[in-house]
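> Next comes the sequence, and after it the predicted model I'd like to discuss.
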2 protein chains.
Amino acid sequence: MFESAEIGHAIDKDTFAAEEAPLREALLEAQYELRQQGRFAVIILINGIEGAGKGETVKLLNEWMDPRLIQVSTFDRQTDEELARPPAWRYWRQLPAKGRIGIFFGNWYSQMLQGRVHGRLKDASLDQAIGGALGLEQMLCDEGTLIFKFWFHLSKQQMKARLKALQDDPLHSWRISPLDWQQSKTYDKFVRVGERVLRRTSRDYAPWYVVEGVDEYYRSLTVGRILLDGLQASLKAKTPRVPHPHAAPLTSSLDDRNLLDSLDMRQALSKADYREQLAVEQARLSGLLRDKRMRRHALVTVFEGNDAAGKGGAIRRVAAALDPRQYRIVPVAAPTEEERAQPYLWRFWRHIPGRGMFTIFDRSWYGRVLVERVEGFCSPADWLRAYGEINDFEEQLSEAGVVLVKFWLAIDQETQLQRFKEREQIPFKRFKITEDDWRNREKWPLYRDAIGDMVDRTSTEIAPWTLVEANDKPFARVKVLRTINAALEAAFAKD
Amino acid sequence: MFESAEIGHAIDKDTFAAEEAPLREALLEAQYELRQQGRFAVIILINGIEGAGKGETVKLLNEWMDPRLIQVSTFDRQTDEELARPPAWRYWRQLPAKGRIGIFFGNWYSQMLQGRVHGRLKDASLDQAIGGALGLEQMLCDEGTLIFKFWFHLSKQQMKARLKALQDDPLHSWRISPLDWQQSKTYDKFVRVGERVLRRTSRDYAPWYVVEGVDEYYRSLTVGRILLDGLQASLKAKTPRVPHPHAAPLTSSLDDRNLLDSLDMRQALSKADYREQLAVEQARLSGLLRDKRMRRHALVTVFEGNDAAGKGGAIRRVAAALDPRQYRIVPVAAPTEEERAQPYLWRFWRHIPGRGMFTIFDRSWYGRVLVERVEGFCSPADWLRAYGEINDFEEQLSEAGVVLVKFWLAIDQETQLQRFKEREQIPFKRFKITEDDWRNREKWPLYRDAIGDMVDRTSTEIAPWTLVEANDKPFARVKVLRTINAALEAAFAKD
């Protein structure tokens, strides 16, 4: 979920300097228009990792815009007056009036995150708190409020470096956080709980925006652009639309860097290494599936990837290790008539394996946010809500003991072209290449965005995506097997 | 919440006979149109009190309509296959296809209700289950499914009589319920948990319909009408609207009986009794508010009622018992400019008392579902969502230790007329009567509906409504004081 915010997004100083002035002017203008119209209030929630630039961003927004129309509220320790009343009272008394902007720095999410990380709350109570937050935000949106939720992120290393820098800076060292961020464990817990909270509270009317915090210029411009786009869209709507039309809140990165770029596509295996490692991993998988601990679990693997990335070959190497009675391969193509008469996920639910069993999905429920999105086979509303539905679905699988392993087999455009040409020339491979494949190829950039969004929004602790560098088929096949084995072993170890 | 379903709704045999045939025909026609269009599926959830006619209704629907297009699913014990998979799998596999009707008899609600009543689930886990149910229903509605949720209700006495009758009937005595309904405690718990579940899961896209189950004719016609109205509305929408436009799911009773009719308006107190009882109750209230256990609580009372019902007089009798530093009276009129710039409930949140304090609201947040609804000061969407927001608000108060006592002071039309005329004649009372009062009087039937809906949807265990028979002012004043005292004592006893 935070993968795309750990790849070192950055913008150079000149670009920033060139973009800052017009952005600033436009924000100021939007702010006055907001007051002029007096139709709705704006709430900006600031959350995320310590040291990721939360405070700096709040400061900057106050510099960029007119601070008289902005009200920054920090919610640290409850006052006596607040303690004597229901917990939500402190938020109600700080709500910005219509026409104004309220920045909530430390808010209902900070409370629940800290409570869970400190162990004061259990998961069930966290979910109750989440339900309360959703209720409050839903009500605010029904009342016309425009809500932005920002999560400022850093990788663990980035955070450590940043904390060290802050410590050495006398201007910052006085700041005390209620959590001890120096501890690795705190970071891990915070990110894990944060992921659960974001997964369950990202709604079309109040989505989360994850922003990588390491580069100041990137972070500032990203926040400024998101605010400006959202404000302008709501201000120019002639009839007041409720809830506000948030643009698809996907991580379109300003520096045009994508998760897929961070893969090292040159990785390869020699023939000898391949033979040896393949045999080892196949034997390991075979053993794991026969392990008696498998009776408490089921295994589901999802294979997605570029056309000609080698999904079929990888699946065959997995299957080759196993007794055919134990696994089932479900190829996913266009839905049947029966399937079309049901909700989208129905066709996948029907193939969910019972305990002890293994189902391999050759393409999957991710079709909705890949091909259906890119080709326009469903409406934006449909694929936008699919992320949440899929996370919920996968969480249900995971809670029932299903081990879920998801692969994106990635090749570069050159490799794809080469393989397409091969397929056209080799008679028994010719059925594998169609007009569609060539058409899809032209939509490479659209797929690239869709893949990035998919990974950002559905790679979760319980069901992470594994990106497989698949230019070299042997390398890809071994990585696939090894990943499945590691996932099973991790699940068994937790029992 | 169930008050209106305990007043003995009934329809005579002749009326039923006259209405059944056309209803049946229309339902059948709607069912074929549903199949013809094949645009959406229909799910009917059957829940409620044992013996309230759940089974009979399912049977009847199958008689009235074409059973080939209806699929009844009971979800009792999980099968081996189901136990090996995530809990929701059993529901997914029984989903009706588009064009068909699925009746879920025993469903996700039955599971969570039984789990909580048996004590297997705590409140936090119940709320998690509720979150899961909401997610599932939201997804189904997004996919176009039309969902009806019926709660069949009986009062405790009605249930006991009914169970006795069923026991003596050889055709029914074999039926086993997982709960032991013979126990009063089971009924109480079930109703309490049921109320929590209904309060949190009634949504505009899938509202609950509470149906009194004691009279077969009333029950059957009510269900049939609700289904028919909902089906027809969705079928005739030319562009498929998602979610379906449920009619305001309010208890418009077929037999034109209303909760207010069940009050005995002749109750009165003699002058001597009044003096004595008033003094006793005022002293009691004074003592309770000075009790040290009050430090853990706050007290909020809400006064609503017909014009000239005597709210002011009752409030004065309450205040007279107290030290003015301890209470505050908040008269609620049209919102100020500052209040209009905030979400609706803001103006009430700001007056919530701290611990140890007492706030009297003279009119309240219920204005939205009374005068604003009747006069059209807000949109139907606004007042429809207000019930849920209010329940949520009051739950927050209650969880923070606030004791909440809500009064509806009811007088009959004759008494009101008499008092209006008095007011016009007595010089110092003349300011109390305006043109508005006469206009409101003409809207008596609209208010009657609004009051019924308000009580049905917001009288909860944590914040019940007390209907006060207020034709006789002394009686009303003493009842008000006595109710406040009893509520405080009950809260103290629970500490």
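Happy to help now that I have it. Predicted, not measured: the structure shown is a model, and the values here were computed from it.
> quick one: residue A:296 from residue B:340, how far?
Residue A:296 is 58 Å from residue B:340, where distance means Cβ to Cβ, to the nearest Å. C-beta: built from backbone N, CA, C; applies to glycine.
> should've said residue A:473
In terms of Cβ to Cβ, residue A:473 sits 66 Å off from residue B:340.
> Can you report phi and psi for whichever residue of the stretch 151-300 of chain A sits closest to chain B?
Taking Cβ to the nearest Cβ as the measure, the stretch 151-300 of chain A has residue A:298 as its residue closest to chain B, at 7.6 Å. Backbone torsions of residue A:298, given as degrees, to the nearest 10, read phi -130, psi 160.
> Could you do residue A:361 as well?
Main-chain dihedrals, residue A:361, degrees, to the nearest 10: phi -100, psi 120.
> Check which element follows the helix ranked longest in chain A along the chain.
If you go by DSSP state H, chain A has its longest helix at helix A:13-37. Counting by DSSP states H and E, the element after helix A:13-37 in chain order, helix or strand, is strand A:42-48.
> How about that next one and chain B, touching?
No: Strand A:42-48 is not in contact with chain B by Cβ under 8 Å from any Cβ of the partner chain; minimum separation 11.0 Å.
> Quick one: mean pLDDT over whichever helix or strand comes after that strand.
Downstream of strand A:42-48, the first helix or strand assigned by DSSP H and E is helix A:54-64. Helix A:54-64 comes out with an average pLDDT of 92.
> Can you give me the buried ones in helix A:54-64?
For helix A:54-64, a neighbour-count test (16 or more other Cβ atoms under 10 Å in any protein chain shown) marks A:54, A:57, A:58, A:60, A:61, A:64 as buried.
> any idea which of these is closest to residue B:72?
Closest approach to residue B:72 among those (Cβ to Cβ): residue A:54, at 54.5 Å.
> what packs against the longest helix of chain A?
Helix A:13-37 is packed against helix A:54-64, helix A:216-236, with contacts defined by 3 or more Cβ pairs under 8 Å, 6 or more residues apart in numbering or on different chains; DSSP states H and E.
> can you map out the helices along the stretch 301-450 of chain A?
A:311-319, A:337-340, A:346-349, A:371-375, A:380-399, A:413-425, A:435-442, A:444-458 (DSSP state H, counting those that start in this stretch).
> Check which helices and strands the fifth one is in contact with.
Looking back up the chat, that one is helix A:380-399. Using 3+ Cβ pairs under 8 Å, 6+ apart, helix A:380-399 is in contact with helix A:184-201, helix A:371-375, strand A:402-410, helix A:444-458, helix B:123-142.
> How about the third one?
Using 3+ Cβ pairs under 8 Å, 6+ apart as the contact definition, the elements that helix A:346-349 packs against are helix B:89-92.
> what number of residues lie near the closest residue in space to residue A:308 that isn't next to it in sequence?
Nearest non-adjacent residue to residue A:308, counting by Cβ to Cβ, 6 or more residues apart in numbering or on different chains: residue A:419, 4.1 Å away. By other Cβ atoms under 10 Å in any protein chain shown, the residues close to residue A:419 number 22.
> go on, the one 4 residues further on?
Other residues within reach of residue A:423 by the criterion other Cβ under 10 Å amount to 18.
> I'd like to know how far it sits from residue B:324.
89 Å.
> quick revisit: separation between the residue nearest to residue A:308 and residue A:305?
12 Å.
> so what sits against both of the two?
residue A:411 (Cβ atoms under 8 Å, 6 or more residues apart in numbering or on different chains).
> quick one, which of residue A:473 and residue B:340 is more surrounded?
residue A:473 (19 against 14).
> Could I get the phi/psi values of the more buried one?
Here is the backbone geometry of residue A:473 (degrees, to the nearest 10): phi -60, psi -40.
> Next, work out how far apart the residue nearest to it when sequence neighbours are not counted and residue A:432 are.
Sequence neighbours aside, residue A:310 is the residue nearest to residue A:473 in space, at 5.0 Å (criterion: Cβ to Cβ, 6+ apart). Note on residue A:310: its distance to residue A:432, by Cβ to Cβ, is 11 Å.
> The two: which has the busier surroundings?
More neighbours surround residue A:310 than the other of residue A:310 and residue A:432, with 25 against 16 (other Cβ under 10 Å).
> near chain B, which residues of the stretch 1-150 of chain A show up?
Checking the stretch 1-150 of chain A against chain B by Cβ under 8 Å from any Cβ, the hits are A:38, A:41, A:81, A:84-89, A:92-93, A:95, A:97-99, A:122, A:124-125, A:127-128, A:130-131, A:135, A:139-140, A:142-143, A:145.
> What subset of those residues is buried?
Buried members of those, counted by 16+ other Cβ under 10 Å: A:41, A:84-89, A:92, A:95, A:97-99, A:124-125, A:127-128, A:130-131, A:135, A:139-140, A:142-143, A:145.
> Let me have the helices and strands packed on helix A:13-37 in a markdown table, adding distance to residue A:29 as columns.
Converted to a markdown table, the helices and strands packed on helix A:13-37 look like this (distance: least, Cβ to Cβ, whole Å):
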| stretch | distance to residue A:29 |
| --- | --- |
| helix A:54-64 | 12 |
| helix A:216-236 | 9 |
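> Helices of the stretch 151-300 of chain A, start to end?
Counting by DSSP H, counting those that start in this stretch, the helices of the stretch 151-300 of chain A are A:156-167, A:184-201, A:216-236, A:271-290.
> Out of these, which is closest to residue A:111?
helix A:184-201 (11.0 Å).
> between the closest one and helix A:380-399, how many degrees?
130 degrees (axes from the mean of the first three to the mean of the last three Cα atoms, to 10 degrees).
> mean confidence for helix A:184-201?
Helix A:184-201 carries an average pLDDT of 90.
> Next, the buried residues of stretch A:397-405.
A:397, A:398, A:400, A:401, A:402, A:403, A:404, A:405.
> Tell me the bridge partners for residue A:359.
Beta-bridge partners for residue A:359, by DSSP bridges, are residue A:300, residue A:328.
> how near is it to residue A:391?
19 Å.
> what about these two, which has more around it?
residue A:391 (23 against 19).
> Go ahead and confirm that one touches residue A:460.
Yes: with contact defined as Cβ atoms under 8 Å, residue A:391 reaches residue A:460; the gap is 6.3 Å.
> Identify the contacts common to those two.
In contact with both residue A:391 and residue A:460: residue A:199, using Cβ under 8 Å, 6+ apart.
> Can you pull the residues of the stretch 251-400 of chain A lying near chain B?
Residues of the stretch 251-400 of chain A lying near chain B (Cβ under 8 Å from any Cβ): A:298, A:338, A:341-346, A:349-350, A:352-356, A:382, A:385, A:389, A:392, A:396-397, A:399-400.
> please redo it, this time with the cut-off set to 6 Å
For the stretch 251-400 of chain A, the residues in contact with chain B (Cβ under 6 Å from any Cβ of the partner chain) are A:341-343, A:349, A:352, A:354-355, A:385, A:389, A:392, A:396-397, A:400.
> where's the dip in pLDDT among the residues you listed?
residue A:385 (86).
> out of everything not next to it in sequence, what's closest to it?
residue B:142 (6.0 Å).
> give the contact list for the spatially closest residue to residue A:38 that is not a sequence neighbour.
Using Cβ to Cβ, 6+ apart and skipping the chain neighbours, the partner closest in space to residue A:38 is residue A:99 (4.1 Å). By Cβ atoms under 6 Å, 6 or more residues apart in numbering or on different chains, the contact set of residue A:99 is A:34, A:35, A:38.
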